[in-house]
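[1] Return a 3D structure for these sequence lines:
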Amino acid sequence: LSGGQRQAVLLARAMLLEPPIMVLDEPTSHMDNSSEEQLRQRLHGWVQGKTLLLVTHRTSMLSLVDRLIVLDNGKIVADGAKDAVIDALRKGRVGQAL
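    Coordinates of the predicted model:
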């Protein structure tokens with residue numbers, strides 16, 4: 001199996017267990033764009049009523065979250081509702097960690 005296929009199998013197995021909380025660290029890092037989109041769509045329905053802690057650099061995965069915490073050098077530089085944080089980032093109102 002490729003790296004992306006292994007990731008998909010592990011995520012499918014985890015989803016079958018129906019945990020109330022799931023932590024995903026770069027869950028699509030080894031997937032192509034098509035596989036990432038399929039996973040994102042499946043997670044979107046699955047995550048309803050659950051807690052998902054998602055660590056990602058991919059903006060497409062942000063559709064799964066309500067709250068966004070931005071880190072810079074291990075320090076929190078933004079924390080809030082996803083739309084408000086994204087707006088602040090676009091307007092340059094989020095600084096770097098000191």
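[2] what's the average pLDDT for stretch 71-81?
    What stretch 71-81 shows for mean pLDDT is 94.
[3] which of the residues in it are buried?
    Under the neighbour-count criterion of 16 or more other Cβ atoms under 10 Å, stretch 71-81 has V77, A78 buried. Every C-beta, even on glycine, is put in place using the N, C-alpha and C of the backbone.
[4] Alpha carbons only: can I get that stretch in CSV?
    Extracted as CSV, the C-alpha positions of stretch 71-81 are listed here (Å, rounded to 0.1, in the frame of the first residue of the first chain):
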residue,chain,number,x,y,z
LEU,A,71,0.4,28.5,16.2
ASP,A,72,3.7,30.2,15.3
ASN,A,73,6.9,28.7,16.8
GLY,A,74,4.8,26.8,19.3
LYS,A,75,2.9,29.8,20.6
ILE,A,76,-0.8,30.6,20.0
VAL,A,77,-1.1,33.7,17.9
ALA,A,78,-4.9,33.4,17.1
ASP,A,79,-7.8,31.5,18.6
GLY,A,80,-11.4,31.9,17.8
ALA,A,81,-14.3,31.1,15.5
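[5] roughly how far out does that stretch sit from the chain middle?
    Relative to the chain's own centre, stretch 71-81 is displaced by 15 Å; criterion: Cα atoms, centre = their mean, to the nearest Å.
[6] next one: stretch 42-49
    On Cα atoms, centre = their mean, the centre of stretch 42-49 falls 12 Å from that of its chain.
[7] repeat for stretch 46-53
    With Cα atoms, centre = their mean, you get 11 Å for stretch 46-53.
[8] so where do the helices sit in the protein?
    Listed in chain order, the helices found in the chain under DSSP state H are 3-16, 33-46, 82-90.
[9] burial of the closest residue to I76 other than its chain neighbours, as a residue count?
    With Cβ to Cβ, 6 or more residues apart in numbering as the criterion, I76 has its nearest non-adjacent residue at 6.0 Å, and that residue is I69. Using other Cβ atoms under 10 Å, I69 has 13 neighbouring residues.
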